[in-house]
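Participant: this one's sequence-less:
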């Protein structure tokens, strides 16, 4: 091997190592511009494409063939092809954020770009347009750019049914991914008047304006309380004894009537020690003059918020409706 050939081979191997380092930080994706900046030439790129070391996914966007072609790789490639102002949105953003929303098995990538600027053609992607995508409505997860949880929820509110939207909102808020105020700001900026899904989104958020909720079952209970037209409860209400000692915290309370509602999840009340402590706490509350009403997730309905997988079908729906009606009548009697 001549010295020139050896130098060329060493340079080629060096460019491969640099390309691989770039690609590994981007789900196996690298652009022509990045390769050129790293010292590779157009001729080197053409040679690696011919050998199969690189695979072109979009114009000027390549996958290093030793890296798997995952969903994230396709997303990174689409973002690179669409330009620096593109972000993943809607179901694609929800997938990255791991939000609780049903995703199509073969969904197209969803990209959002500002109205101004060229309209890139990106194979396998749906391009959405917006007047602007401010920095406050963008996040980065690894190397992927996407709409923030708040913006993603607002965008998806136009596509989801009411129950699916409630599940999405509850999941994001319970996980601390977003706050009600951030969703409000995103909805206000995008314009809620006449916007599809805006009314349903405001309804889904209404229970979270009552105060802190700590489970999907509690959010389901809160929605029933509002739907029944009962007085708004105080959430996570702390009750103290005459000496200032904490007796317990109620999921929902009407302090002026000394009425509390507890939503019993099996994860918190299923073992003997928790069961005994919970009953002792209730006895202390009763001794202070409180009336405690208890319910379970399965009694709050058999929709997406039910936490009991064994209760499904028409019979379960009838049982849940009867249980919910009993709960409603009990609270109405205590609060009237």
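Facilitator: In hand now; what should we look at? It should be emphasised that the depicted structure is a prediction, and the values quoted were computed from it without experimental measurement.
Participant: what is the neighbour count of residue 334?
Facilitator: Neighbourhood size, residue 334 [other Cβ atoms under 10 Å]: 16. Yep, even glycine has a C-beta here, placed from its N, CA and C like the rest.
Participant: quick one: it and residue 256 touch, right?
Facilitator: No. Under the criterion of Cβ atoms under 8 Å, residue 334 makes no contact with residue 256, lying 11.7 Å away.
Participant: what's next to stretch 25-40, contact-wise?
Facilitator: With Cβ atoms under 8 Å, 6 or more residues apart in numbering as the test, stretch 25-40 has contacts from 14-15, 18-19, 22-23, 42, 44-45, 54, 57, 60-64, 67-70, 72-73, 75-77, 80, 142-144.
Participant: hmm, which of these are the buried ones?
Facilitator: Buried members of these, scored by 16 or more other Cβ atoms under 10 Å, are 15, 18-19, 22-23, 44-45, 54, 57, 61-64, 67, 72-73, 75-77, 80, 144.
Participant: now, the contacts of stretch 25-40 that are in strands?
Facilitator: Of the contacts of stretch 25-40, the ones assigned to strands by DSSP state E are 54, 57, 61-64, 144.
Participant: so residue 73 touches residue 64, yeah?
Facilitator: No. Between residue 73 and residue 64 there is no contact under Cβ under 8 Å: 9.7 Å.
Participant: got a list of what residue 72 touches?
Facilitator: By Cβ under 8 Å, 6+ apart, the contact set of residue 72 is 27, 96, 142, 144.
Participant: same thing but 7 Å
Facilitator: 27, 144 (Cβ atoms under 7 Å, 6 or more residues apart in numbering).
Participant: same check on residue 162?
Facilitator: Residues residue 200 are the ones in contact with residue 162 under the rule Cβ under 7 Å, 6+ apart.
Participant: picking that back up, looking at the ones in strands among the contacts of stretch 25-40, spot the one nearest residue 217.
Facilitator: Closest to residue 217 out of the ones in strands among the contacts of stretch 25-40 is residue 144 (32.8 Å), distances taken as Cβ to Cβ.
Participant: which non-adjacent residue is nearest residue 126?
Facilitator: residue 108 (4.9 Å; Cβ to Cβ, 6 or more residues apart in numbering).
Participant: ramachandran angles for that neighbour?
Facilitator: phi -80, psi 150 (degrees, to the nearest 10).
Participant: separation between it and residue 98?
Facilitator: Using Cβ to Cβ, to the nearest Å, we find residue 108 at a distance of 19 Å from residue 98.
Participant: more neighbours: which of those two?
Facilitator: Between residue 108 and residue 98, residue 108 has the larger neighbour count (other Cβ under 10 Å), namely 14 against 11.
Participant: show the contacting residues for the more buried one.
Facilitator: Counting by Cβ under 7 Å, 6+ apart, residue 108 has contacts 124-126.
Participant: most neighbours among those residues, which one?
Facilitator: That'd be residue 125 among the contacts of residue 108, by other Cβ under 10 Å, with 23 neighbours.
Participant: ok, now which ones touch the spatially closest residue to residue 87 that is not a sequence neighbour?
Facilitator: Once flanking residues are discounted, residue 87 sits nearest to residue 145: 4.6 Å by Cβ to Cβ, 6+ apart. Neighbouring residues of residue 145 by Cβ under 7 Å, 6+ apart: 79, 87-88, 138.
Participant: which of these fall in strands?
Facilitator: 87-88, 138.
Participant: can I get the buried part of those residues as one ChimeraX selection?
Facilitator: To isolate the buried members of the ones in strands among the contacts of residue 145 in ChimeraX, using 16+ other Cβ under 10 Å:
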select :87,88,138
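Participant: out of the ones in strands among the contacts of residue 145, which is nearest to residue 233?
Facilitator: Closest approach to residue 233 among those (Cβ to Cβ): residue 138, at 36.6 Å.
Participant: now do the nearest residue to that closest one once chain neighbours are set aside, the pLDDT please.
Facilitator: The shortest distance from residue 138 to any non-neighbouring residue, by Cβ to Cβ, 6+ apart, is to residue 87 (5.6 Å). Predicted confidence (pLDDT) at residue 87: the value is 96.
Participant: is it true that residue 87 touches residue 133?
Facilitator: Yes. With contact defined as Cβ atoms under 7 Å, residue 87 reaches residue 133; the gap is 6.0 Å.
Participant: list residues touching both of these two?
Facilitator: residue 112.
Participant: name the residues of the helix or strand where residue 205 lies that are buried.
Facilitator: Using DSSP states H and E, residue 205 sits in helix 198-206. By neighbour count with 16+ other Cβ under 10 Å, helix 198-206 contains the buried residues 198, 200-201, 203-205.
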